[in-house]
Structures are given as structure tokens and as C-alpha cells.
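**Student:** okay, here's the prediction I keep looking at, along with the sequence it came from:
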Amino acid sequence: MNNKYEAVIGLEVHAQLLTESKIFCGCSTKFGNPPNSNVCPVCLGHPGVLPVLNKKVVEFAALMGMATNCEIKEKSIFARKNYFYPDSPKGWQTSQFEEPICENGHLDITLSDGTEKCLGITRIHMEEDAGKSIHDLGYDTCVDLNRCGVPLIEIVSEPDMRSPEDAYLYLTKIKQIITYLGICDGNMEEGSLRCDANISIRLKGETELGTKTEVKNMNSFRNVEKAIAHEIERQIEIVEEGGRIIQQTLLWDADHEEVSPMRSKEEAHDYRYFPEPDLMPVVVSEEWKAEIAKNLPELPEARKARFISEYKIPEYDAAVLTTERPLADYYEKVISVTDDYKSASNWVMTDVLKIIKEDKVDITEFKVSPENLGKLINLINNNTISGKIAKSVFPEMLKEDKDPETIVKDKNLVQITDTSAIDGIVDTILDNNPGQVEQYLGGKETVLGFFVGQVMKESRGKANPQMVNETLKKKLEEKRTGE
Ligand SMILES: [Zn+2]
């Protein structure tokens with residue numbers, strides 16, 4: 001980025017809430033049902049019907065507000081946002097406008113250079129989703145209204161972000177929090193989490209805001225970062241060439257990595273907001289607020305801090321393990337079986353996460369149960385098997401989630417810690433390799449590695465490596481002193 005300028009970015013994030021039923025009627029929110037099967041007169045906007053607010057939606061919105069340090073308003077109001085489009089049979093979207101349920105929040109992000117940044121959240125409000133227009137079935141346009149009335153929250157940030165990285169980290173944090181709360185699955189590719197960006201640039205030191213553009217249609221985290229970077233560059237280029245930024249809505253084209261303006265007709269909206277006459281103001285009393293707060297789980301930041309202080313694992317480990325709530329739960333189940341917190345962290349961060357990434361499975365579907373992983377770690381720590389053997393037991397556990405102790409017994413992998421057995425193998429190896437013994441005694445101590453390798457091979461990996469090392473050194477020294 002040309003360093004004469006700074007970017008000013010604000011994000012609007014829509015999150016689809018994981019309620020069983022829609023926001024104003026009892027229809028199912030289940031995804032994937034046949035088109036227009038999750039519908040009723042209310043969400044189809046028939047005349048004379050009355051909406052009834054789903055209590056869960058209020059609770060989820062308030063939870064998100066609490067998790068992002070917002071003020072939860074005692075009274076908030078629904079409004080009609082009027083527009084005419086086939087995906088909205090009522091002719092308006094019921095949303096919140098002047099009086100949203102949550103205001104004045106913030107969340108902190110940590111940049112890659114370690115600096116912390118506090119980003120403001122202007123508001124969080126509740127609203128309903130629209131239906132879906134389908135253009136590719138060979139007819140003109142079809143419409144599926146199953147999504148009509150599915151509850152959303154919209155989280156609007158302050159224009160506090162200054163770089164694509166800020167925006168990426170903010171969005172990552174939002175996803176982490178909503179999934180910890182269990183109120184949204186956070187899947188951007190499938191559209192349950194959507195993000196629009198308002199972007200402007202100004203000369204550094206300037207305090208006035210420049211003309212902004214709104215970029216839509218970014219359906220992955222990486223696309224958000226790329227699209228914002230692209231739009232900042234585009235605006236700088238225009239200004240540098242003496243041009244002027246036009247306020248407009250742009251669509252991100254991920255395939256060609258460029259933006260194109262939405263047709264002006266589509267964006268020429270005058271929503272004529274007015275208060276929804278069919279819904280009472282939403283009142284969240286102090287008692288209800290306290291009730292809702294009881295459902296607030298331990299959030300990622302707090303959990304990370306506890307992992308560091310309680311389990312004495314490095315900050316890096318704690319950050320990785322608490323990225324997602326199910327992963328943190330998995331780790332805590334492992335250490336309910338073993339008290340070797342650091343080994344458990346190593347196993348989860350390397351062996352477990354590697355397979356999860358490769359096989360693209362969810363940790364909740366991971367083949368090896370946390371209890372059995374804990375048992376495996378204990379088998380190493382009580383010298384039943386070596387760390388090396390453990391790495392060969394783990395793939396067996398992946399095939400079938402068996403108790404590692406059974407696998408070790410069945411496959412006869414128990415570590416040899418019997419002194420006389422190890423003595424015997426060491427003697428054989430030394431007798432069979434007089435040349436290497438000469439070399440060692442002549443001062444070439446690196447030959448020790450060769451002997452260790454031979455003993456381990458002879459014992460098929462089962463000899464206790466530490467004992468092998470000690471025995472070899474002892475016996476070689478005996479040869480040196482001629483005992
Ligand atoms: Zn309905």
C-alpha cells in the first residue's frame with residue numbers, strides 16, 4: 001500500500017442463528033429440505049397474519065452482545081425495511097433500525113507483530129433472512145422461501161480497521177466467539193456467516209472520512225482479506241490519477257480477483273424504515289439478562305489464559321488448543337486421563353491436528369477418543385512402551401478406537417526394561433561388530449549411534465532407549481579399561 005494513505009474499514013457481519021424454528025413463526029430452519037417446504041402463511045407474508053418473536057433469537061443476540069462487551073438494551077424495537085424483490089414475499093424485511101438490542105461493544109485482536117488492537121462494535125441487531133432466488137434451472141427465475149424468516153444477527157463494527165489483516169483477524173474472532181457460544185456454525189462457504197466491507201482511504205493524518213464503497217460477495221475468510229486489499233489499491237490508484245471515489249456497492253469476483261459495480265437499479269434503495277406495528281418492543285429485564293448470562297460459556301481468551309496458568313503449557317500451545325471449542329474440549333478430556341499436560345498438548349497439536357487437516361474431518365468425529373489418547377501417553381510415561389513405539393500404536397488406534405493397552409499386548413510391543421535381556425542383546429551386537437568397537441575405543445565416539453541403532457533393530461524397537469544407551473556406554477568403557 002502506498003504509505004501516503006491509510007485505509008478505513010468497517011465490517012457488517014451477518015450470522016445465521018442455530019435456532020430450531022424461524023424468527024417469527026414455528027417453521028423449521030432445517031437446511032436442505034425440498035424448496036418451499038419449510039413455509040407457512042406467516043413467513044409467506046399472507047395478509048392478516050401476525051408474527052410472534054422467537055425468544056431464543058433474543059437470547060442468542062444478547063449472548064453475542066455480552067461476549068463482545070456490548071450494552072444490552074432494556075428496550076429495543078423492530079422495524080420494517082421496505083423493498084420489493086421476489087425473495088421477500090412480505091415486501092419488507094423485519095429488522096431493527098434505530099433501536100437495536102446491543103450497542104457500544106468492542107473486541108480485541110492481536111496482530112502478527114504482537115500488538116493488540118481494540119476494535120469497536122457499533123451495534124448488534126436481530127433480523128430475518130430473505131428467501132433465495134434461483135436462476136440456473138432453465139426457467140426464468142425460481143424462488144425458494146425456506147430461508148425466509150430464518151433468524152440472523154447483524155454485527156456492525158466501527159470503522160476502526162486499518163488493514164486487510166485487521167479485518168481478517170476481526171472476522172476470525174467473531175467466528176470464534178459465535179461458535180464458542182454455539183449460536184451459529186460460522187460456515188462462510190455455506191453462507192451461514194456473511195460479511196460486507198465498507199472501505200475508504202484518506203491521507204495519513206487526515207481525520208475526515210473519505211467517500212466509501214461497500215464490497216459484497218466475499219464468501220471465504222481469505223477472500224475478505226484479498227477483496228479489501230484489492231479495493232484499497234483500486235481507490236489509491238484512482239486518487240493518485242486525480243480521480244474521485246464514487247460511493248457505490250461493488251461485488252467481489254473471486255475467480256478473476258476484481259470488483260464490479262452492482263447495477264445502480266439494484267442499489268438505489270430508499271428503505272423507508274418505520275417501526276413494525278405488529279411487534280411489541282422487545283424488553284430484556286435485568287432478571288432475564290441474568291438468566292441469559294448463565295449460558296455464557298468460558299470464552300476463548302479466558303480459556304486460553306486458564307490453560308496457561310492451570311496446565312502450565314506455553315502460550316502458543318494454549319492459543320492453538322483454544323482456537324475452537326470442541327478442540328479445547330478434546331484436550332481437556334485427554335488430560336482428565338493423564339497429568340502429562342505438555343505431552344498431551346504435543347500429541348493433540350501435531351498427531352491429531354495433522355490428520356484432521358489431511359482428512360478434513362471435524363474433531364468431534366475424530367477416530368481416536370481423547371480417553372484412549374490419554375492412556376497412550378500414560379503407557380509411555382510408565383515405561384510400558386517407548387515414544388517411538390507409541391507412534392506406531394497411534395495409527396492402529398486410528399483404524400479402530402481400541403484401548404492402546406490391548407494393542408500393545410496383542411502386538412507384543414511391551415518395552416524391554418529387563419536388564420539381563422538388554423545386556424544380552426548389547427553383548428551380541430558388540431561381539432558381532434569388532435571393527436566398530438575398535439573405532440569407538442580409538443576415539444570415534446559417534447559410533448555409539450550405530451550401536452544404539454543395531455540394538456534397537458535387534459529388539460524390534462522394544463528396548464528401552466535410555467537403558468540401551470547406558471548399557472552400551474558401560475560395556476564399551478569396560479572394554480577400554482580391559483576389565
Ligand atoms: Zn413459517
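**Tutor:** Here it is on my side, so go on.

**Student:** residues from the chain in reach of the ion?
**Tutor:** Contact residues, the chain versus the ion (Cβ under 5 Å from the ion): 25, 27, 40, 42-43. (Glycine included, C-beta is placed from N, CA and C.)

**Student:** take these and write them to CSV, including secondary structure and pLDDT.
**Tutor:** Output for these, formatted as CSV (DSSP: H, G, I helix; E, B strand; the rest coil; pLDDT from 0 to 100):
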residue, secondary structure, pLDDT
25, coil, 97
27, coil, 97
40, coil, 97
42, coil, 97
43, coil, 96
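
**Student:** of those residues, buried ones?
**Tutor:** By neighbour count, with 16 or more other Cβ atoms under 10 Å, the residues of the chain next to the ion hold 25, 27, 42-43 as buried.

**Student:** would you turn these into TSV with distance to residue 472?
**Tutor:** Below are these laid out as TSV (distance: Cβ to Cβ, whole Å):
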residue	distance to residue 472
25	77
27	74
42	80
43	77
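
**Student:** identify, from those, the entry nearest to residue 447.
**Tutor:** Of all these, residue 27 has the smallest distance to residue 447: 76.6 Å, by Cβ to Cβ.

**Student:** disregarding flanking residues, what is the spatial nearest neighbour of the closest one?
**Tutor:** residue 38 (4.9 Å; Cβ to Cβ, 6 or more residues apart in numbering).

**Student:** give the other helices and strands that the longest helix seen in the chain contacts.
**Tutor:** Longest helix of the chain, by residue count under DSSP state H: helix 221-240. Judged by 3 or more Cβ pairs under 8 Å, 6 or more residues apart in numbering; DSSP states H and E, helix 221-240 is in contact with strand 5-16, helix 164-181, strand 193-203, strand 213-216, strand 249-253, strand 258-261.

**Student:** before we move on, the earlier item: from the buried ones among the residues of the chain next to the ion, which two are the most distant?
**Tutor:** It's 27 and 42 that sit farthest apart of those, by Cβ to Cβ, at 7.7 Å.

**Student:** any residues in contact with both of those two?
**Tutor:** residue 149 (Cβ atoms under 8 Å, 6 or more residues apart in numbering).

**Student:** any regions of this structure where pLDDT drops low?
**Tutor:** Judged against pLDDT under 70, the low-scoring parts of the chain cover residues 1-2, 264-269, 483.

**Student:** residue 178 reaches residue 64, doesn't it?
**Tutor:** Yes. Contact criterion Cβ atoms under 8 Å: residue 178 and residue 64 qualify, at 6.6 Å.

**Student:** overlap in contacts, those two.
**Tutor:** Counting by Cβ under 8 Å, 6+ apart, the residues touching both residue 178 and residue 64 are residue 15.

**Student:** what helix or strand is the residue nearest to residue 455 when sequence neighbours are not counted on?
**Tutor:** Nearest non-adjacent residue to residue 455, counting by Cβ to Cβ, 6+ apart: residue 468, 4.9 Å away. Residue 468 belongs to helix 465-480 when assigned by DSSP states H and E.

**Student:** what about residue 168, distance to residue 447?
**Tutor:** 53 Å (Cβ to Cβ, to the nearest Å).

**Student:** ok, now residue 219?
**Tutor:** Counting by Cβ to Cβ - residue 219 and residue 447 are separated by 60 Å.

**Student:** out of the two, which sits in the busier spot?
**Tutor:** residue 447 (20 against 15; other Cβ atoms under 10 Å).

**Student:** check contacts around that one.
**Tutor:** For residue 447, the contact set (Cβ under 8 Å, 6+ apart) comprises 436, 439-440.

**Student:** including secondary structure and distance to residue 47, could these go into TSV?
**Tutor:** Output for the contacts of residue 447, formatted as TSV (DSSP: H, G, I helix; E, B strand; the rest coil; distance: Cβ to Cβ, whole Å):
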residue	secondary structure	distance to residue 47
436	helix	95
439	helix	97
440	helix	96
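
**Student:** which of the residues you listed has the most neighbours?
**Tutor:** Within the contacts of residue 447, residue 440 tops the neighbour count with 22 neighbours, counted by other Cβ under 10 Å.

**Student:** please tell me how far it sits from the ion.
**Tutor:** For residue 440, the distance to the ion equals 83 Å [Cβ to the ion, to the nearest Å].

**Student:** does that residue really touch residue 476, like I thought?
**Tutor:** Yes. With contacts counted by Cβ under 8 Å, residue 440 reaches residue 476, the gap being 5.7 Å.

**Student:** who touches both of those two?
**Tutor:** With Cβ under 8 Å, 6+ apart, residue 440 and residue 476 have common neighbours 448, 451.

**Student:** domains in this protein, as residue ranges please.
**Tutor:** Using automatic domain parsing, the domain ranges for the chain come out as 5-291, 300-410, 419-480.

**Student:** Three-state assignment for residue 130, please.
**Tutor:** coil (DSSP: H, G, I helix; E, B strand; the rest coil).
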